[in-house]
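In: Any chance you could fold what I've pasted below:
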Amino acid sequence: MKIILAYSGGLDTSVAVHWLRSHYNADVVAFCADIGQREDFAAVREKALACGASEAVVLDLKQEYLTDFVYPALRAGALYEGRYTMAAPLGRPLIARYLAELAKTFGADTVAHGSTGKGNDQVRFYAGAIAHNPDLKILAPCAEWELRSREDELRYAHQHGIPVSATLERPYSMDGSLWGCSTECGDLDDATLVAPDDVFQITIRPDLAPDEPTDVTIGFVSGTPVSIDGVAYDPVTLVGRLTQLGGANGIGRLDTVENSLLGIKNRAIYESPAGVILHHAHRELEDMTIDRDTLHLKAHLSLKYAELVYNGMWWSPLRSALDAFVTDTQKNVTGSITMRLYRGSLVTRTRNAAHALLDYALTAHDRADRFDHAAGIGFSYVWSLPIRTFAKTHGPKYLNAV
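Out: Reported below is the predicted structural model:
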C-alpha cells in the first residue's frame, strides 16, 4: 500500500509518517507544499525521511497559491466572519489538488493529511482531493489513532525516535504561508488568558512598533494589486514586502474566537499583515468605483464566498459561479490607495481611481455644487409614498406600537 501524505514537518504529520507505516504497513510518500511558510525546506525533506517516509517531495507553489487562490478571494472581499483573511483555508484546496496529482504520479490510491477529527482542514483536504479524483481513499491518522492529546503524540514521538520541535512547555500548533500564519492549542485554548508574546510569529507588538508613521501606496488593476509606491512587483514579492512592512508596524494581528465548520467555537491567533493591508485598500478602491447596488450585493456574496472557502468548498460549482460575478465587478477597480501604518492602526490617506464614480459636482457643498436640490423634494415625496399610505390607513399610533 502506498500513501501520499500532506506533510508539514510539524508534530502531527511527523508522527503520522511513522504511524501510517506501522498501522497500514504502508509505503509513505511525504509531500510538502511551499506556499511561503518560514521553513528550511531542505531540512523539512530530511526530517520526513528521518521519520520514515520512503520519498519526500517539496514543491514551490507560492506563485500559484497567490495568483489562483489568494487573489481571487481578495477580489471577492472574502473575510470569514468579516475578519479572517483565511491563509490556511486558501492553501488547502491547492495542496489537496497536488495530493491527487501525486497519487496518480506514484501509483497510489490513498492520500492522508494531518488534521484532527474536529478540525476544519479534514474537510478541506477531503473535499479538495475528491474533487480531482473521486475514487481516492482519504485517511486522517489523527482521527484514527489511539493518541488522544498532543502530550500523547509527544510521548509517541520520543518513544519512536521521531524528531519534533514541539514540547510540553510550548505545545502550540503553528501554520504559515505568504498570506499569513496561525497559532492554536496550548494555553490559547483558555480564552480567559492573555495571549503570550511568543505565539506571534511575524508581527511586532503594536506598542513596540516605531513611533513614526509609514505611508504606503498600493496600485490595483482590475481589482488585483500590482504595485507598491508606484513600483510594479510580482505577487510573491509584493505580498512579501507588505508582510514585512505591516508586521514591522504591528499591523495584521487577530486574536479571535471563531465558529468552526463543525460548530465548535475555537480560539486562534492569526497574523496577516499583507492580507489586512490589501483587503483594506481594495475595499477603499471599490467604494470609489462600484455603484451602490452592485457594491451592496457584493458585500452579501463576499460572506458566502468566505464561507465556501472556510468550509472546504473551493472546488464547488457555486464558488466558480461567484467568481464570474466578482470578475465582472472588478472591471473598473483600477487605481491606487495610500494608507498610513502606525502602531497597529491603518488609516486611508488618499484615493485615486481611473473610473471613479465620486463626482465632485454632485457631492460638493460649495459653489461647485451642481445638484438640483429642488428635485429632491419630489424624490422624497415619491420615495416615502408607501409610508404615507400606511400611516393614512392605520394611523401613526399603529406604527409606534410596532
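
In: what domains does the record give for this structure?
Out: For the chain, the domain assignment from automatic domain parsing gives the residue ranges 2-67+86-169, 176-353, 372-401.

In: Determine how far the last one lies from the middle of the whole chain.
Out: I take that to be domain 372-401. The offset between the C-alpha centroid of domain 372-401 and the centroid of the whole chain comes to 45 Å, using CA atoms, centre = their mean, to the nearest Å.

In: for the first one, same thing?
Out: The offset between the C-alpha centroid of domain 2-67+86-169 and the centroid of the whole chain comes to 20 Å, using CA atoms, centre = their mean.

In: average pLDDT for it?
Out: Here the mean pLDDT over domain 2-67+86-169 is 93, rounded to a whole number.

In: ok, now the last one?
Out: For domain 372-401, the mean pLDDT works out to 85.

In: Can you mark which positions in that domain are buried?
Out: Neighbour counts using 16 or more other CB atoms under 10 Å place no residue of domain 372-401 among the buried ones. Bear in mind the C-beta positions are built from the backbone N, C-alpha and C, glycine included.

In: can you check stretch 225-238 too?
Out: Judged by neighbour count (16+ other CB under 10 Å), stretch 225-238 contains these buried residues: Pro225, Val226, Ile228, Tyr233, Pro235, Val236, Leu238.

In: For the nearest residue to Ile337 once chain neighbours are set aside, which residues are in contact?
Out: Counting by CB to CB, 6 or more residues apart in numbering, the nearest residue to Ile337 once its immediate chain neighbours are dropped is Ala281, at 4.1 Å. Ala281 is in contact with Ile218, Phe220, Pro225, Ile337, Met339, Thr348, counting by CB atoms under 8 Å, 6 or more residues apart in numbering.

In: what helix or strand does Ala281 sit in?
Out: Following DSSP states H and E, the helix or strand that holds Ala281 is helix 273-289.

In: How far does the helix or strand that that helix is followed by sit from its chain's centre?
Out: On the C-terminal side of helix 273-289, the closest following helix or strand by DSSP H and E is helix 292-310. With CA atoms, centre = their mean as the basis, the distance from the averaged C-alpha position of helix 292-310 to the chain average is 15 Å.

In: related to what we said a few turns ago, looking only at the helix holding Ala281, what residues are buried by neighbour count?
Out: Along helix 273-289, the positions that meet the burial threshold by neighbour count (16+ other CB under 10 Å) are 273-289.

In: quick revisit: out of the domains of the chain, which one sits most buried?
Out: Taking mean count of other CB atoms under 10 Å as the contact definition, the stretch among those with the greatest mean neighbour count is domain 2-67+86-169, which reaches a mean of 19.

In: so which of the domains of the chain comes closest to Tyr360?
Out: Taking CB to CB as the measure, the domains of the chain were each checked against Tyr360, and domain 176-353 came out nearest at 12.6 Å.

In: For Leu66, give me its contacts.
Out: Under the contact definition (CB under 8 Å, 6+ apart), the residues listed for Leu66 are Leu178, Trp179, Pro235, Val236, Val239.

In: if I pick the fourth one, what's in contact with it?
Out: When contacts are counted by CB under 8 Å, 6+ apart, Val236 touches Gly36, Lys62, Gln63, Leu66, Leu178.
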